[in-house]
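Visitor: Just need the structure, nothing else, for what follows:
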Amino acid sequence: MRDITVFSGTAHPELAEEICSHLGTKLHPVKVDRFANDALEVQLQANCRERDVFLIQPLVPPTQENLVELLLMIDAARGASAARTTVVLPHYAYARSDKKDAPRISIGGRLVADLMVAAGANRVLAMTLHSPQVHGFFSVPVDHLHALRELAAHFRRYDLSNTVVVSPDLGNAKEAAHFARLLGTGVAMGAKQRFPDDRVVISSVIGEVAGKDVIILDDEIAKGSTVVELLGRLREQGVNSVRLACTHGLFAGGAIERLSAFPEVMEIVCTNTVPPPKPSDKLTVLSIAPALAEAMRRIHDGESVSALFGTS
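Guide: Residues are numbered from 1 along each chain as shown. Below is the predicted model of the structure:
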């Protein structure tokens, strides 16, 4: 990894340190200053000339601050004559803004992708984007990873003979079906409807869940309203137990406490794509640093990244 140079923004330096530990390379510092008018200035503290530069920065709260910091890092790498700049996005917050579902509404997922490319990004490495079309918002190559293997390895420790994987909605059904295949279980899904006031209603659960041990799989859990609504339907169906699994554990506004309060919820499992919340008895955080490090190594060496999932 002699010609690789890795930097991290301030969003999640612990993850960047762990990735570099797996790569066997140094994480180089970034100096971030703020002018008197509140504008940010970024300086990369290592040589980038003709180097393969990787910039690690999940877009997490404060999302706008971290986004501008990332754009300035990309611009600094281009100005420093980097041979190639790859943005490593463990979490892309604007992926949820992926369609025009109301009049005169912005599509932030596409706009922010354009901003990164305009700043000088040559490639993007992302983890579990909210929907497949977000991949196409970028006009540069995108390597899209998922954490289903890491999550499946964790749940295989349990007796899954009476287990079914449940997706909260039809949009996540393909991933839930893939996850169920990895675990050798059945699959079910919720019939979800979201209203303009951000209210979520799940009218029914499609599939056999009565008397089952359920694993709810979603790409991210933010406020937890969808999961809470789904838990209500599952309770009506008489499920035996529930475990929650997601890639991005944002857990805003006391979501961990709210979800942990349900007696049927045995465990909440997420990865460290975002800084983990404070520890909880029911919370398990898995590391995706090895997967990201291997993908970065393959990108640097010109090897296939999709081959990582060839046997999944």
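
Visitor: I'd like the next helix or strand past the helix ranked longest in the chain.
Guide: For the chain, the longest helix by residue count, based on DSSP state H, is helix 63-79. Downstream of helix 63-79, the first helix or strand assigned by DSSP states H and E is strand 84-89.

Visitor: In terms of helices and strands, where is residue 267?
Guide: Here residue 267, judged by DSSP H and E, is contained in strand 265-271.

Visitor: same deal with residue 180?
Guide: helix 173-183.

Visitor: hang on, the earlier thing: report the angle between the longest helix of the chain and strand 84-89.
Guide: Helix 63-79 runs at 170 degrees relative to strand 84-89, counting by axes from the mean of the first three to the mean of the last three CA atoms, to 10 degrees.

Visitor: buried sites along helix 63-79?
Guide: 65-78 (16 or more other CB atoms under 10 Å). Yep, even glycine has a C-beta here, placed from its N, CA and C like the rest.

Visitor: quick one: which of those residues is nearest to residue 115?
Guide: Closest to residue 115 out of these is residue 71 (6.0 Å), distances taken as CB to CB.

Visitor: Next one: the closest one from residue 186, what distance?
Guide: As judged by CB to CB, to the nearest Å, residue 71 and residue 186 stand 44 Å apart.

Visitor: do the same with residue 271
Guide: 24 Å.

Visitor: cool, residue 230 as well?
Guide: Using CB to CB, we find residue 230 at a distance of 16 Å from residue 186.

Visitor: Pick out whichever of these two has more residues nearby.
Guide: Neighbour count, other CB atoms under 10 Å: between residue 230 and residue 186, residue 230 has more, with 25 against 16.

Visitor: Distance from the helix or strand hosting the more buried one to the middle of the chain?
Guide: Taking DSSP H and E as the criterion, residue 230 maps to helix 225-237. Helix 225-237 has its C-alpha centroid displaced from the chain centroid by 23 Å (CA atoms, centre = their mean, to the nearest Å).

Visitor: what do you get for stretch 89-103?
Guide: So, by CA atoms, centre = their mean, the centroid of stretch 89-103 is 13 Å from its chain's centroid.

Visitor: quick one: contacts of it?
Guide: 12, 15, 56-60, 63, 106-113, 124-127, 129-131, 133-134, 137, 196, 220, 248, 273-274, 288, 292 (CB atoms under 8 Å, 6 or more residues apart in numbering).

Visitor: So, low pLDDT: which residues of the stretch 51-200 of the chain?
Guide: 195-198 (pLDDT under 70).

Visitor: Would you map the strands across it?
Guide: Here the stretch 51-200 of the chain has its strands, by DSSP state E, counting those that start in this stretch, at 52-56, 84-89, 123-127, 142-145, 163-167, 186-194, 200-206.

Visitor: just those: most buried one?
Guide: Most buried of the strands of the stretch 51-200 of the chain, by mean neighbour count (mean count of other CB atoms under 10 Å): strand 52-56, with a mean of 27.

Visitor: Run through the neighbouring helices and strands of that one.
Guide: For strand 52-56, the packing partners by 3 or more CB pairs under 8 Å, 6 or more residues apart in numbering; DSSP states H and E come out as strand 4-8, helix 13-23, helix 63-79, strand 84-89.

Visitor: PyMOL command for the buried members of the contacts of stretch 89-103?
Guide: To isolate the buried ones among the contacts of stretch 89-103 in PyMOL, judged by 16+ other CB under 10 Å, type:
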select buried, resi 12+15+56+57+58+59+60+109+110+112+113+124+125+126+127+129+130+134+137+220+248+273+274+288+292
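
Visitor: That's all I had, so thanks and see you.
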